[in-house]
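> take a look and give me a structure for this.
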Amino acid sequence: MRSYSIAAWTSVGRDRASSLLKPRVDQIRRFDLLQSLVLGGAVLVVVLFYVWQHIQVVRLGYQVEYLAGERAALIQQQKELRLEVARLVSLRRVEEIARGQLGLTSPKSGQVIVIE
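So this is what the prediction gives:
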């Protein structure tokens, strides 16, 4: 029988042990990589959600400012239109148009009939 040294047996044992453990180490490394990718993906999703939310808040702020300005302009236009309506239905204006353009005059005392 051949005699092998203990170093040779130990070396063979290491090679055999490393070949048996290598798939397990690869599995652990793959699991760590997968775990890191999932964690990184989750962090990325959270950051993207935060950025999207912030952009939406800024956009809505601009929209609120625009609508507030538009509302103020519409309120001013409403005031002007109410003033114009009040001017147009004024009795003095109606009387001036009746006398000037239509040639109407005030009724005399016998021309007015009061119905109760």
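> neighbouring contacts of stretch 88-101?
Here stretch 88-101 makes contact (Cβ atoms under 8 Å, 6 or more residues apart in numbering) with Arg87, Leu104, Thr105. C-beta here means a position set from N, CA and C on the backbone, and glycine is covered the same way.
> apart from its chain neighbours, what residue comes closest to the second one?
Okay, so that is Leu104. Leaving out its chain neighbours, the residue that sits closest to Leu104 by Cβ to Cβ, 6 or more residues apart in numbering is Ala98, at 4.3 Å.
> neighbours of the one you found, how many?
Ala98 has 13 neighbours, counted by other Cβ atoms under 10 Å.
> circling back to that earlier point, make CSV from the contacts of stretch 88-101 and add secondary structure, neighbour count and pLDDT to it.
Below are the contacts of stretch 88-101 laid out as CSV (DSSP: H, G, I helix; E, B strand; the rest coil; neighbours: other Cβ atoms under 10 Å; pLDDT from 0 to 100):
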residue, secondary structure, neighbour count, pLDDT
Arg87, helix, 10, 89
Leu104, coil, 11, 87
Thr105, coil, 8, 87
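> which of these sits closest to His54?
When the contacts of stretch 88-101 are ranked by distance to His54 (Cβ to Cβ), Arg87 comes first, at 50.2 Å.
> poorly predicted segments of the protein, please.
For the chain, the stretches flagged by pLDDT under 70 are 1-28.
> make it 90
Counting by pLDDT under 90, the ranges of the chain that qualify are 1-36, 87-99, 102-116.
> what about the helices in it?
6-88, 91-100 (DSSP state H).
> closest to Ile115 out of the ones you listed?
In terms of Cβ to Cβ, the element of those nearest to Ile115 is helix 91-100, at 21.2 Å.
> buried ones in that closest one?
By neighbour count with 16 or more other Cβ atoms under 10 Å, helix 91-100 contains no buried residues.
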